[in-house]
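Q: Give me the fold of what follows.
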Amino acid sequence: MSGGFGNIFKIPELRKRILFTLGVLVVYRIGAAIPTPGIDGVALKAFFETQTNTLLGFLDMFSGGALNRLSIFSMGVMPYINASIIMSLLQTIIPYLEKLSKEGEEGRKKITQITRYATLFLASIQSFGLTFMMQAMEAPNKAPVVVNPGLKFQLLTVLTLTTGTVFIMWLGERITEQGIGNGISLIIFAGIVDRLPGAVKNIFILLKSEGISLFTILILLAIILMITAVVVFVQQAQRRIPVQYAKRVVGRKMYGGQTTYLPLKVDQSGVIAVIFAVSVLSFPLTIAQFFPEAAMGKLITSWWSRGSWIYQLVYVTLIIFFCYFYTAITFNPQDLANNMKKWGGFIPGIRPGEATANYIDRILVRITLVGAVFVAIIAVLPDYLRAWLNAPFFFGGTALLIVVGVGLDTMGQIESHLIMRHYDGFVKKGRIKGRR
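A: Numbers count the residues shown, from 1 in each chain. Prediction:
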């Protein structure tokens, strides 16, 4: 980051965007603390103390702790993410949606509107299932979590949870449009970071009660710092392909002739692949919510628990798939090769056109595999560290990938605003000076 980073709050527009983003995140955290009516808080807390290493406890991390409070934001952004995944897949299948995706701003607005309706539909279904699961929740002493279960509770809870998800979606869109950074990613980021002080407090309590040794804490801290450094390195890593532009004479001026680079990120998807994978992993649990006491529901819950081999296998497979999927829908080697050919650019030793597209595609496939495998390893690593060191590991791989990825993306956008602002100021000064 440049030295001008300290001038953030000297730029009115950027200051307004950052303060707006912080204000929206505060509203989100307040909503995450408001409980759904009809819940016994004591029984709920006792129930979730037994869910720390389950998929339910894992999903609670993505809701920023709202799920373990059964707050009005319990479902978080998962329905919206699921709707976005479905829309991305359908754009490659349905010609109408594919056409909309190529129509620029107007097409994007229409796709966004369809995604909103899909989010409302999925949120209604998921909230209905979560309501059934609430009524089946019991503390270890068999105390029910729901005080007065029944039709009235079901209708009120479905309406509350669905409205909460739609409101979060709206907050995320406001951050993206009027704030700084990607709104949905920042909401997940805020929920994860909000739990850090509590996790540090728990570690000190364990240290005081001799539940964990100081040596183990130092090892965990060293591992966290090392993984963070490696994650930052991979997130920023690029494969630079040299591109040469031929000289062209236009009128009396000569253009081109310079050498530049085509930067291909090792991890094109960033945190998106991880978020998508977790969202898909939550689907079987959503199905099981409708049948909490049935044999099928219990079977899904037992098989779909963190640490089980089937869970880890599916999780790794989904991460690798979504890394390739996101790269495929955001990066088109054929269009890039055609544009290079149009402007007289070529890769030394490679023919322009189809050969260039195939060359870029081969490189992209190879570096994406490296990035995808790395992300998958970091995502599942905490489960094994927890088993080996027998210690809590709050900032696990998935959380770390999201925190680092969203942090780097947000700082990158802030830096872009700073550079753009300095450039505009320079142009204005030059014009004034020229007039004089």
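Q: Quote the end-to-end distance of stretch 135-151.
A: Stretch 135-151 stretches 11 Å from its first residue to its last (CA to CA, to the nearest Å).
Q: In that stretch, which of the residues would be classed as buried?
A: By 16 or more other CB atoms under 10 Å, the buried positions in stretch 135-151 come out as 135, 137, 139, 144-146, 149. C-beta here means a position set from N, CA and C on the backbone, and glycine is covered the same way.
Q: Hmm, residue 83 is touching residue 113, no?
A: No. The criterion here is CB atoms under 8 Å, and residue 83 misses it with residue 113 at 11.5 Å.
Q: okay, these two: which has more neighbours?
A: Taking neighbours as other CB atoms under 10 Å, residue 83 and residue 113 compare with residue 83 leading, 22 against 10.
Q: So which residues make contact with the helix or strand where that one lies?
A: Assessed by DSSP states H and E, residue 83 sits inside helix 78-91. By CB atoms under 8 Å, 6 or more residues apart in numbering, the list of residues contacting helix 78-91 from outside reads 59, 62-63, 97-98, 100-101, 111, 114-116, 118-119, 121-123, 126, 165, 168-169, 172, 184, 275-276, 279-280, 282-283, 325, 329.
Q: circling back: which one of the buried residues of stretch 135-151 is nearest to residue 372?
A: Relative to residue 372, the closest of those is residue 137; by CB to CB it sits at 36.3 Å.
Q: Residue 85: neighbouring residues, count only.
A: Neighbours of residue 85 (other CB under 10 Å): 18.
Q: per-residue confidence at it?
A: pLDDT, residue 85: 82.
Q: and residue 68, that one's in a helix?
A: No. Residue 68: not assigned to a helix; according to DSSP: H, G, I helix; E, B strand; the rest coil it is coil.
Q: what separates it from residue 44, distance-wise?
A: Going from residue 68 to residue 44 by CB to CB, to the nearest Å gives 7 Å.
Q: Repeat that for residue 11.
A: As judged by CB to CB, residue 11 and residue 44 stand 45 Å apart.
Q: now the helix or strand harbouring residue 165 against helix 78-91, angle please.
A: Per DSSP H and E: residue 165 is located in helix 151-178. Angle of helix 151-178 versus helix 78-91, following axes from the mean of the first three to the mean of the last three CA atoms, to 10 degrees, is 60 degrees.
Q: Quick one: list the elements packing against helix 151-178.
A: Other helices and strands packing on helix 151-178, by 3 or more CB pairs under 8 Å, 6 or more residues apart in numbering; DSSP states H and E, are helix 12-32, helix 78-91, helix 104-136, helix 183-194.
Q: Distance to residue 217 for these - can I get that in JSON lines?
A: As requested, the helices and strands packed on helix 151-178 are exported to JSON lines (distance: least, CB to CB, whole Å):
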{"stretch": "helix 12-32", "distance to residue 217": "28"}
{"stretch": "helix 78-91", "distance to residue 217": "32"}
{"stretch": "helix 104-136", "distance to residue 217": "35"}
{"stretch": "helix 183-194", "distance to residue 217": "20"}
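Q: which one of these has the most crowded surroundings?
A: Most buried of the helices and strands packed on helix 151-178, by mean neighbour count (mean count of other CB atoms under 10 Å): helix 183-194, with a mean of 23.
Q: Residues touching that helix, excluding its own?
A: 21, 24-25, 28-29, 32, 61-66, 76-77, 80-81, 168-169, 171-177, 179, 271, 275, 399, 402-403, 405-407, 409-410.
Q: export that helix as PDB, just CAs?
A: C-alpha atoms of helix 183-194 as PDB (Å, rounded to 0.1, in the frame of the first residue of the first chain):
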ATOM      1  CA  GLY A 183     -21.000  -5.900   0.800                       C
ATOM      2  CA  ILE A 184     -21.800  -9.600   1.300                       C
ATOM      3  CA  SER A 185     -18.200 -10.600   1.900                       C
ATOM      4  CA  LEU A 186     -17.800  -7.700   4.400                       C
ATOM      5  CA  ILE A 187     -20.800  -8.900   6.300                       C
ATOM      6  CA  ILE A 188     -19.300 -12.400   6.700                       C
ATOM      7  CA  PHE A 189     -16.000 -10.800   7.500                       C
ATOM      8  CA  ALA A 190     -17.500  -8.600  10.300                       C
ATOM      9  CA  GLY A 191     -19.200 -11.700  11.800                       C
ATOM     10  CA  ILE A 192     -16.000 -13.600  11.900                       C
ATOM     11  CA  VAL A 193     -13.900 -10.800  13.400                       C
ATOM     12  CA  ASP A 194     -16.600 -10.000  15.900                       C
END
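Q: what about that helix, average pLDDT?
A: pLDDT averaged over helix 183-194 gives 85.
Q: Restricting to C-alpha, output stretch 64-72 in PDB.
A: Taking Å, rounded to 0.1, in the frame of the first residue of the first chain, the C-alpha atoms of stretch 64-72 are listed here in PDB:
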ATOM      1  CA  GLY A  64     -21.500 -14.000  12.900                       C
ATOM      2  CA  GLY A  65     -22.800 -15.900  16.000                       C
ATOM      3  CA  ALA A  66     -26.400 -15.100  15.000                       C
ATOM      4  CA  LEU A  67     -27.300 -18.800  14.700                       C
ATOM      5  CA  ASN A  68     -26.300 -19.800  18.200                       C
ATOM      6  CA  ARG A  69     -28.500 -16.900  19.500                       C
ATOM      7  CA  LEU A  70     -31.300 -17.800  17.000                       C
ATOM      8  CA  SER A  71     -31.500 -14.100  16.300                       C
ATOM      9  CA  ILE A  72     -33.500 -12.500  13.500                       C
END
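Q: Show me what counts as buried in that stretch.
A: Buried-residue list, stretch 64-72, by 16+ other CB under 10 Å: 64-72.
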